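Enquirer: Sequence and predicted structure are below.
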2 protein chains.
Amino acid sequence: MVTLAEVAQHAGVSASTVSYVLSGKRSISAATRQRVEESIRELGYHPNAGARALASSRSNIIALMVPLRTDMYVPVMMEIAIAVATTARAHGYDVLLLTGEEGPDAVRRVTGSGLADAMILMDVELDDERLPLLRASGQPSVLIGLPADATGLTCVDLDFTATGALCVEHLAMLGHRDIAVVGEAAAVYERHTGFAERTLEGLRTRAGELGMRLLHRPCEGGYDAMAVTLARIFDERPDTTGFVVQNESAVEPLLALLRQRGLAVPEDVSVVAVCPDQVAVQASVRLTAVAVPAQEMGRRAVDRLVAKLEGRGEDEVVLLAPELSVRASTGPAPSAARH
Amino acid sequence: MVTLAEVAQHAGVSASTVSYVLSGKRSISAATRQRVEESIRELGYHPNAGARALASSRSNIIALMVPLRTDMYVPVMMEIAIAVATTARAHGYDVLLLTGEEGPDAVRRVTGSGLADAMILMDVELDDERLPLLRASGQPSVLIGLPADATGLTCVDLDFTATGALCVEHLAMLGHRDIAVVGEAAAVYERHTGFAERTLEGLRTRAGELGMRLLHRPCEGGYDAMAVTLARIFDERPDTTGFVVQNESAVEPLLALLRQRGLAVPEDVSVVAVCPDQVAVQASVRLTAVAVPAQEMGRRAVDRLVAKLEGRGEDEVVLLAPELSVRASTGPAPSAARH
DNA sequence: CAAACACGTCGAAGCGCTTCGACGAGCCCT
DNA sequence: AGGGCTCGTCGAAGCGCTTCGACGTGTTTG
């Protein structure tokens, strides 16, 4: 391994000069800088990460905590993770991948050891047990998701409440009165995952205001689970003409099952999805959907975090406004005469 | 931040003793050990990662390089990544997430800076430009995937050649003669991704041996792309009765399109998929499939890597034997009388 | 019964870097 | 012309840890 000292010797300057060339924290004459840079290139020097971290107490690493569970939203998670990694690199940071498995311990470990300078948390629950620790640690952090109490925290998320409202409004405008919501797996609600509960709240509130009937059913996803769920829905509410789906792995099964029942989309029933655009566009019917802007969320989270690390930027909740793209899966409700 | 020295003072021992308690590299009396451990707990001590890395020249970090592109196999990637992270933690390592974006530079950077002790590479191309660097660096590494030349490297992968052969054999046994392969996006083949090319090779070779006709078509995935691809396939080979699909996002569209053409699965056409079991089970028809054992691959890769880091284990190519699970999407070919 | 050997502990020397204060050299200002 | 600047560079002091050799003690062994 080539060291700073070797570079310094090779360039005929002192070690500190090389360091300052690297960091730019003091002015260096053009001639010296050039000589040093050449030596660096020639010797193939790479600063030692550990030594750097020790001396500067900054690791240039951002920890990203992703949910362990693969029971939901995998493509979204992946997209966020990749956006985080890419954006972080652009700012000179690397990304440490933590799984949710360790839970709060991971927060302690990373904070305590100085392994990372900052954290990004995904899959935040409304009353997440990691949050008190995070607040106490004083470590810069950003949540992707929105807990019940966000004081003292920075959050980036899609405005899921507005998302729910938007879906309902769209269906209302088209004349639908009976709406069914196909949600995430029951477990997702049981652990009070922010986005799921907020969407539901938005749906319910706006539906109430607009005098619509709303039936919410969690669904594991997959064909069989969706079949059962759909049967129940029609059992309970035979007049259902609108669906809101917030579960990527239920989308295709739902479309297939509707077809199978002889129900045409969008002539007989309308479907609004909450999913990444790519999924909406690739489905067997191009879906009217509110996009989950995964990349944007990842990017924003890192930007906010870097701002904090550089002393700019204070705590703040950033809620991205939902956008509904009308595609081929929604249309006017079949006339009331149908009854 | 609590330091080793503070713990030592609190416990009334020297710093080195605390260090030895932590590492277990020298014997410590039970009494001392207990006193030290208590101090650690009481003070909430966490060893500083940077200092540790500097002093020991080991970072206890494994770098995982995932493809940047989200054009393929996202759930598989995610599953592998999570398995890697989980397994690594179990061995006391953390995982650094690198995107393919940086390419070979990332290898240089990580190797040179001592940021990570070892690397895992995913999405390996047959003639991957990162490999020479990796060999030269002498850094312990494991590939998930199999390049054309694996000398001096450790690889873990599903035996995709055998996988292809297995799919063909299954269809042959059922009496199918004309087979279509719906592959990954064309770009995947263009960059000579190992698994895609090997599967194809396995399919072709075995098909040749068994006297079957094989038509391979790359496919972007999604409904529209699949529609075009399927139309072309039937144009060119109207007698096609068997499909092999190696593209998660083409599976459901294919099933939907076949249904739409009035072709029943498995009565009229059989479909074999290469995908994770979960996808196969959740599809609208339970798919006969060769499972891609994502978790297993991630786990094995880490195990091999840790073995190397501990001085055990030499270079080796681990090819997991494919397993075909027969489900509801394959059946006897419709009698030849159909012509 | 002295020599040999664990065993448990300590002190000190670094690991490779950042950063602070110091210092000479050239500059401007009055 | 001399005091006060700024500019570019250097030396040295750590950052918090690991690890090596050394040093008692207590225990075995020929």
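Expert: Great, that's in hand.

Enquirer: Three-state assignment for residue A:156, please.
Expert: Following DSSP: H, G, I helix; E, B strand; the rest coil, residue A:156 is assigned to strand.

Enquirer: Now for it: which residues touch it?
Expert: A:142, A:143, A:144, A:297, A:300, A:301, A:304, A:318, A:320 (Cβ atoms under 8 Å, 6 or more residues apart in numbering or on different chains). No exception for glycine: its C-beta is placed from N, CA and C like everyone else's.

Enquirer: one more time with 6 Å, if that's ok
Expert: For residue A:156, the contact set (Cβ atoms under 6 Å, 6 or more residues apart in numbering or on different chains) comprises A:144, A:297, A:300, A:301, A:318.

Enquirer: what's the average pLDDT for stretch A:227-245?
Expert: Averaging pLDDT along stretch A:227-245 yields 97.

Enquirer: is any part of it close to chain B?
Expert: No: Stretch A:227-245 does not reach chain B (Cβ under 6 Å from any Cβ of the partner chain); its nearest approach is 9.2 Å.

Enquirer: Over to that stretch now: how far is its first residue from its last?
Expert: From its first residue to its last, stretch A:227-245 covers 14 Å (Cα to Cα, to the nearest Å).

Enquirer: looking at chain A, which helix or strand is least sure?
Expert: Every helix and strand of chain A was ranked by mean pLDDT, DSSP states H and E. The lowest is helix A:277-282, at a mean of 89.

Enquirer: Name the residues that touch it?
Expert: For helix A:277-282, the external contacting residues (Cβ under 6 Å, 6+ apart) are A:248, A:273, A:287, A:289, A:291, B:222.

Enquirer: Can you name the residues in contact with whichever helix or strand comes after it?
Expert: Using DSSP states H and E, the helix or strand that follows helix A:277-282 in sequence is strand A:288-291. The contact list for strand A:288-291 (Cβ under 6 Å, 6+ apart) reads A:163, A:166, A:272-275, A:277, A:280, A:322, A:324-327, A:329-330.

Enquirer: most surrounded residue in those residues?
Expert: residue A:274 (31 neighbours; other Cβ atoms under 10 Å in any protein chain shown).

Enquirer: and the closest residue to it other than its chain neighbours, how far is that from residue B:305?
Expert: What sits nearest to residue A:274 in space, not counting adjacent residues and going by Cβ to Cβ, 6 or more residues apart in numbering or on different chains, is residue A:246, at 4.3 Å. Noted for residue A:246: a distance of 38 Å to residue B:305, by Cβ to Cβ, to the nearest Å.

Enquirer: what's the answer for residue A:69, then?
Expert: 25 Å.

Enquirer: Quick check: residue A:85 touching residue B:100?
Expert: No: when contacts are counted by Cβ atoms under 6 Å, residue A:85 is not listed as touching residue B:100 (10.0 Å).

Enquirer: Neighbour count: the two, which is higher?
Expert: Neighbour totals were compared for residue A:85 and residue B:100, and residue A:85 leads with 26 against 16 (other Cβ under 10 Å).

Enquirer: what does the model give that one for pLDDT?
Expert: We have a pLDDT of 95 for residue A:85.

Enquirer: Could you grab the helix/strand/coil label for it?
Expert: Residue A:85 ends up helix, using three-state DSSP.

Enquirer: residues contacting it?
Expert: Contacts of residue A:85 (Cβ under 6 Å, 6+ apart): A:95, B:97, B:99.

Enquirer: Same question for residue A:155.
Expert: A:143, A:146, A:317.

Enquirer: From residue B:116, how far off is the nearest residue to residue A:306 once chain neighbours are set aside?
Expert: Excluding the flanking residues, the one nearest residue A:306 by Cβ to Cβ, 6+ apart is residue A:91, at 4.7 Å. As judged by Cβ to Cβ, residue A:91 and residue B:116 stand 19 Å apart.

Enquirer: Mind checking which of these two has more residues around it?
Expert: A direct count of neighbours by other Cβ under 10 Å for residue A:91 and residue B:116 places residue B:116 higher, at 27 against 15.

Enquirer: Show me what from the stretch 51-200 of chain A comes close to chain B.
Expert: A:51, A:53-54, A:74-75, A:78, A:82, A:85-86, A:94-97, A:99, A:112-115.

Enquirer: Give the PyMOL command for selecting the buried subset of these.
Expert: Provided next is the PyMOL selection string for whichever of these are buried by 16 or more other Cβ atoms under 10 Å in any protein chain shown:
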select buried, chain A and resi 51+53+54+74+75+78+82+85+86+94+95+96+97+99+112+113+114+115
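
Enquirer: restrict the residues of the stretch 51-200 of chain A next to chain B to those near DNA strand D?
Expert: Intersecting those with the contacts of DNA strand D gives A:51, A:54 (criterion: Cβ under 7 Å from any atom of the strand).

Enquirer: Which ones among the residues of the stretch 51-200 of chain A next to chain B lie within helices?
Expert: Filtering these for membership in helices, criterion DSSP state H, returns A:51, A:53, A:54, A:74, A:75, A:78, A:82, A:85, A:86, A:112, A:113.

Enquirer: what's the closest of those to residue B:1?
Expert: The closest of those to residue B:1 turns out to be residue A:112 (Cβ to Cβ; 7.7 Å).

Enquirer: The closest one: what's it in contact with?
Expert: residue B:46.

Enquirer: Start and end of stretch A:261-273, how far apart?
Expert: Across stretch A:261-273, first to last residue, Cα to Cα, it's 20 Å.

Enquirer: is any part of it close to chain B?
Expert: No: judged by Cβ under 6 Å from any Cβ, stretch A:261-273 and chain B are separated, with a smallest distance of 12.2 Å.

Enquirer: starting at the chain centroid, how far to that stretch?
Expert: Offset of stretch A:261-273 from its chain centre (Cα atoms, centre = their mean, to the nearest Å): 29 Å.

Enquirer: And that stretch, what's buried?
Expert: Across stretch A:261-273, burial judged by 16+ other Cβ under 10 Å covers A:265, A:266, A:269, A:270, A:271, A:272, A:273.

Enquirer: Now render the residues you listed as JSON lines, adding secondary structure.
Expert: Shown next, in JSON lines, are these (three-state DSSP):
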{"residue": "A:265", "secondary structure": "coil"}
{"residue": "A:266", "secondary structure": "coil"}
{"residue": "A:269", "secondary structure": "coil"}
{"residue": "A:270", "secondary structure": "strand"}
{"residue": "A:271", "secondary structure": "strand"}
{"residue": "A:272", "secondary structure": "strand"}
{"residue": "A:273", "secondary structure": "strand"}
